[in-house]
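Asks: what's the 3D shape of this:
(chains A and B)
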Amino acid sequence: MNDMRTVETDVDTKEVKIAARDVQVFYGDNHAIKDVSVDIEDKTVTAFIGPSGCGKSTFLRCINRMNDTIDICRVQGDILIDDQDIYHPNVDPVQLRAKVGMVFQKPNPFPKSIYDNVAYGPRIHGLARNKADLDDIVEKSLRRGAIWDEVKDRLTAPGTGLSGGQQQRLCIARAVATEPEVLLMDEPCSALDPIATAQVEELIDELRKNYSVVIVTHSMQQAARVSQKTAFFHLGNLVEYGETGTIFTNPVDPRTESYITGRIG
Amino acid sequence: MSDASMTPPAAAKSGLLVADARTRKRNAAEKRFRAYGMIAIGIGLLFLLFLFASILRSGMPAFTQTVLDVEFTLTAEQFETAESKMLKTGEYQKIFVAALQGQLKDRGVAVDFDAMAIERLVGKPGGTIRGFFLENPDRVGTPVSFDLAASSRVDGYFNGRVTRDSIVDSRFLMTTDLDLADALEEAGIIRSAFNWNFITGTDSGVDNPGGAGLGASVIGSFFMMLVVLFLSLPIGVAASIYLEEFAPKNRWTDLIEVNISNLAAVPSIVFGILGLAVFIQFAGLPQSAPLVGGLVLTLMTLPTIIISTRASLAAVPPSIRDAALGVGASKMQSVFHHVLPLAMPGILTGTIIGLAQALGETAPLLLIGMVGFVAREYPEGFLAGFTEANSAMPAQIYTWASRADPGFYEKAWGGIIILLLFLITMNAIAVILRRRFERRW
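Replies: Prediction:
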């Protein structure tokens, strides 16, 4: 594994942003997530790795309650963000999703202009008092999405006309426009070429300064490149969770070792 | 292990330049299939061509009308004497015949005829003439020219529908009348004119196909379509959005879904009898009214609109819904801001096709009394347009087709041409709207 450049981890301990306790997820009769407990830190990139169907995306979608849209899906256990239970009956999932942004596997800009794509979230949440405010938010978000320089002259062009990598960065800009505290990314680079992937990864590293980022990825190299913490899922269980460097160089569980050396998955 | 001893059939070693038997067979099958397809399309086109040709051939005469163009002056004394007589219209008729004879003499055409012959040619023109002068008394004493519609048989004679042989035994038209008609044509008094009355006029009695027009029933259809549009579009779209986006998937929604699909296949006459029972007999709405017709057609159109709307909502990629929910839009915001605009072209197309279907529907109108009604008058106002008894285009065509006078047969075909024009226009609008909305993305 000489090609894996592990990230030097910061020594200072950070506060816990998301705390999951004994989370169970069922799709009908299928027990998809079993007893997952994990503490995700603030201002850190946490990677979820594991073979297909291991439940890493399912768990990610629990964090902003996107699973609520699936009728047969049931979630048990507690997920706390800043010590508040997001599955508490008083929590409105719509309000939660403004706080926990999400970027999807396939770039999915709205079939509207680039400007409207980014401005949509702030508009529906009433974050801008006037047009100038909104312009500021759009520019700031596009800069955070590292795409401002490429699109600043064509903000009225349709977002769907951009290249795949640009679309994905636009989606990231759209996600950060609502001022979230957590950013969830579900295999954000799987539909992108290596150059676009590199750009998005660079951006993820940049985003770490302001957000708690959770990324699901199939690529172990990507996990090693961008994350500080890694969680390995297998068959619905959280097998191992720790510093990315440790997981990749000195895993405790034999299943983790089998996976990162390519024997399972 | 007998399997192991079996060798695969020896593949003939052949080059790429020569097609082997299997490939040749496959190619031949493909060629045959293409030929079948082309033959099928050819047959379809042939039928379409035949249909259009026969509609045009039979329907075009409805748009022309043979008229007797007679100019004459009614003097004040003639007016006074005629009005003092017991049989007033008869008196006008005499004046008219005299005027016609005078005109023929002026143009040097010599032909003998009597008042009876004129009656067979143009019916009783006395009434029309009297009516005109009673309404416009200031025109007495000035030359006035009348375009009098010729009887349907004379009309048919000039259209080729009636020949000298076919009227031998007729008491409505004699061969001498045809001589007169020929002479009048020669003199330029009988000519063919565009029949505006067919488009703008109202239905006539059973004995006067020349005066029949589709106008009132076009208005009837228009008011029905208004009812259908303003009821079925909002109800249909709201029902589809709820079923597709919000409703839980359980036994009840499954049942509703199956029933909507079944409703689309229910024969339209069933909706007709339902409308008769519910809207007319139970709710007491007026018979033959476009309002009732519209309500019945709404019931019929709803499944079509719901099915096409649901299909176009389902065609919107789920990633768009995820994207909207992901930035914190509520379910309703994601539907109304993102899903609905994307589904709009499909919804519009479905709606217009549903409306076009409703426009041409006859069977339900039969049962709510729109066919029996003779639409002699236009409705008196916008609201009256919904509640006053009227006919509708397909009902009017049906009525004409079932009348005895062959002149009405022509009118029925002409009515079909107008109905088809409306349908083609509606479908064109559907295509244009679709293009327009799709270009935005």
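Asks: hey, let's count contacts and neighbours off CA atoms from now on
Replies: Will do.
Asks: where along the chain do the strands fall?
Replies: The chain I'm using is chain A. Assigned by DSSP state E, the strands in chain A fall at A:16-27, A:30-41, A:45-49, A:73-81, A:84-85, A:100-103, A:182-186, A:212-216, A:229-234, A:237-243.
Asks: wait, I meant chain B there
Replies: Ranges of strands in chain B, per DSSP E, are B:64-73, B:143-149, B:190-194.
Asks: need the residues of the stretch 51-200 of chain A near chain B, please.
Replies: When proximity is defined by CA under 8 Å from any CA of the partner chain, the stretch 51-200 of chain A lies next to chain B at A:66, A:71, A:94-98, A:101-104, A:106, A:108-112, A:121, A:124-125, A:158, A:174-175, A:178.
Asks: Going by neighbour count, which residues of stretch A:200-210 are buried?
Replies: For stretch A:200-210, burial by neighbour count (16 or more other CA atoms under 10 Å in any protein chain shown) applies to A:200-201, A:203-205, A:207-208.
Asks: can you pull the alpha-carbon coordinates of it into CSV?
Replies: Extracted in CSV, the C-alpha atoms of stretch A:200-210 (Å, rounded to 0.1, in the frame of the first residue of the first chain):
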residue,chain,number,x,y,z
VAL,A,200,-13.4,18.0,-5.2
GLU,A,201,-11.1,16.3,-2.8
GLU,A,202,-9.1,19.5,-2.4
LEU,A,203,-12.4,21.3,-1.8
ILE,A,204,-13.4,18.8,0.9
ASP,A,205,-10.1,19.4,2.7
GLU,A,206,-10.8,23.1,2.5
LEU,A,207,-14.4,22.6,3.9
ARG,A,208,-13.0,20.9,7.0
LYS,A,209,-12.1,24.4,8.4
ASN,A,210,-15.8,25.2,8.8
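Asks: so what's the residue of chain B found nearest chain A up against?
Replies: Nearest residue of chain B to chain A: B:Gly328, at 4.6 Å (CA to the nearest CA). By CA atoms under 8 Å, 6 or more residues apart in numbering or on different chains, B:Gly328 lies in contact with A:94-98, A:121, A:125.
Asks: what's the farthest-apart pair in these?
Replies: Farthest apart among the contacts of B:Gly328 by CA to CA are A:Leu96 and A:Gly121. That separation is 13.0 Å.
Asks: Show me how chain B divides into domains.
Replies: B:64-194, B:215-439 (automatic domain parsing).
Asks: so how far is the last one from its chain's centroid?
Replies: Using CA atoms, centre = their mean, to the nearest Å, we find the averaged C-alpha position of domain B:215-439 to lie 16 Å away from the chain's own average C-alpha position.
Asks: Also the first one?
Replies: In terms of CA atoms, centre = their mean, the centre of domain B:64-194 is set 33 Å apart from its chain centre.
Asks: Single out the most deeply packed of the strands of chain B.
Replies: strand B:64-73 (a mean of 20; mean count of other CA atoms under 10 Å in any protein chain shown).
Asks: If you compare the directions of that one and strand B:143-149, what angle comes out?
Replies: 150 degrees (axes from the mean of the first three to the mean of the last three CA atoms, to 10 degrees).
Asks: which residues sit against strand B:64-73?
Replies: With CA under 8 Å, 6+ apart as the test, strand B:64-73 has contacts from B:96, B:99-100, B:122, B:140-150, B:154-155, B:158, B:189-195, B:210.
Asks: What's the local residue count around the closest residue in space to B:Gly354 that isn't next to it in sequence?
Replies: Excluding its sequence neighbours, the residue lying closest to B:Gly354 (CA to CA, 6 or more residues apart in numbering or on different chains) is B:Thr301, at 5.5 Å. Using other CA atoms under 10 Å in any protein chain shown, B:Thr301 has 29 other residues around it.
Asks: Many thanks, have a good one.
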